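Peer 1: Please find the sequence and the predicted model below.
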Amino acid sequence: TGVQTCALPISPLFLAAREGWAEVVALLLDWTAELGVSDHRGDTPLSMSAQRGHLPVVQVLLQRSLQLENRSEVVDAPGREGVAPLFFAAQHGHLSVAEVLLDFQADVDRSVSGGATALYVASLQGHLAVVQMLLSRYAFLNGDFHDEDDLPLPLPASPLSLSKIRLGRSGPSDPEWSKR
């Protein structure tokens, strides 16, 4: 009595990650829980904790992924509809989570099945700090960059620069941009 059970095949690791219990996640991993396990929708513990902004859990999972040969399969694991953890973090405005994912070599330009990227969804949701950070990590603006000379420059952090950005200037289309 009082105990609720779930008929869905969800692992204890996934549940602990989803709820943000970093110490429980670490313990389960110590006892050989599988990092790459997913739920019935295809979401992984990393994608769920990134979506919910559970930075300590994300850090534990990423640290443990260093021991794997196929680490990129954990860091960029596509969940439902091809959504990777970085996309979820950007969508929900979890700046610190997005930064640590990129520090662990998440693909900044990985797109979902419809072509949207983390930069696209962060822009759509109005998460300015996440957009700034993704641009500073050289996220493609239009997906048509072909070499290093075409990469956008990191955004300056001054309020004046931010006001120019809001006005649609301070970028390659700004005549002053090439004079820098």
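Peer 2: That came through fine. Residues are numbered from 1 along each chain as shown.
Peer 1: Helix, strand, or coil at the nearest residue to Asp109 once chain neighbours are set aside?
Peer 2: Counting by CB to CB, 6 or more residues apart in numbering, Asp109 lies nearest to Phe140, which is 5.2 Å off, once chain neighbours are set aside. Quick note: C-beta positions are derived from backbone N, CA and C, even for glycine. The local conformation at Phe140, judged by DSSP: H, G, I helix; E, B strand; the rest coil, is coil.
Peer 1: where's Phe140 relative to Gly115, distance?
Peer 2: With distances taken as CB to CB, to the nearest Å, Phe140 is found 12 Å from Gly115.
Peer 1: Neighbour count for these two, which is higher?
Peer 2: A side-by-side neighbour count of Phe140 and Gly115, using other CB atoms under 10 Å, places Phe140 first with 18 against 8.
Peer 1: Dihedrals phi and psi, the more buried one?
Peer 2: Note on Phe140: backbone dihedrals following degrees, to the nearest 10 are phi -70, psi 130.
Peer 1: how distant is the helix or strand harbouring Leu29 from the center of its chain?
Peer 2: Of the helices and strands defined by DSSP states H and E, Leu29 is found in helix 22-30. Its chain's C-alpha centre and that of helix 22-30 lie 21 Å apart, by CA atoms, centre = their mean, to the nearest Å.
Peer 1: try stretch 102-122
Peer 2: 7 Å.
Peer 1: so how far does it reach from one end to the other?
Peer 2: In stretch 102-122, first residue to last residue: 15 Å (CA to CA, to the nearest Å).
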